[in-house]
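Trainee: Have a look at this fold, sequence not included:
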């Protein structure tokens, strides 16, 4: 997990097959102006978490809850990159009390649905 910087909290949710380390240069820059948190999605080799097949997409929401709880933050600005945009959008829609703002970067088309 990446957690650096001070001030308002920004959480960056990676896309599929995207470990947080791949965005480290951007995360370091963001950390110069705010507390920046990122992590690898459940199921990625670097996440340390195996997704529960019965939970489906909600694995990602549960994981993000755990990331925020571990970081000790109640509410954050949330940025989803690519597939991470779907995670961020669903998280913000289902947990509006935890999200102060939402940024979607390189987000998939709204009609796109991931296959199994």
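Mentor: Now that the structure is in, tell me what you want to look at. These figures come from a predicted structure and were not determined experimentally.
Trainee: quick one: low-confidence ranges for the protein?
Mentor: 43, 47-48, 108-110, 112, 114-116 (pLDDT under 70).
Trainee: quick check: longest helix of it.
Mentor: Using DSSP state H, we find that the single longest helix of the chain is helix 58-71.
Trainee: what lines up beside the helix or strand following it in the sheet?
Mentor: For helix 58-71, the following helix or strand on the C-terminal side (DSSP states H and E) is strand 76-81. Sheet pairing of strand 76-81 (DSSP bridges) gives strand 9-13 (parallel), strand 99-105 (parallel).
Trainee: got the contact list for strand 76-81?
Mentor: 8-15, 18, 23, 34, 37, 68, 86-89, 91-92, 98-107 (C-beta atoms under 8 Å, 6 or more residues apart in numbering). Heads up, the C-betas are built off the backbone N, CA and C, glycines and all.
Trainee: before we move on, the earlier item: and the strands paired with strand 76-81, which is most packed in?
Mentor: Of all the strands paired with strand 76-81, strand 9-13 has the most neighbours on average by mean count of other C-beta atoms under 10 Å, namely a mean of 24.
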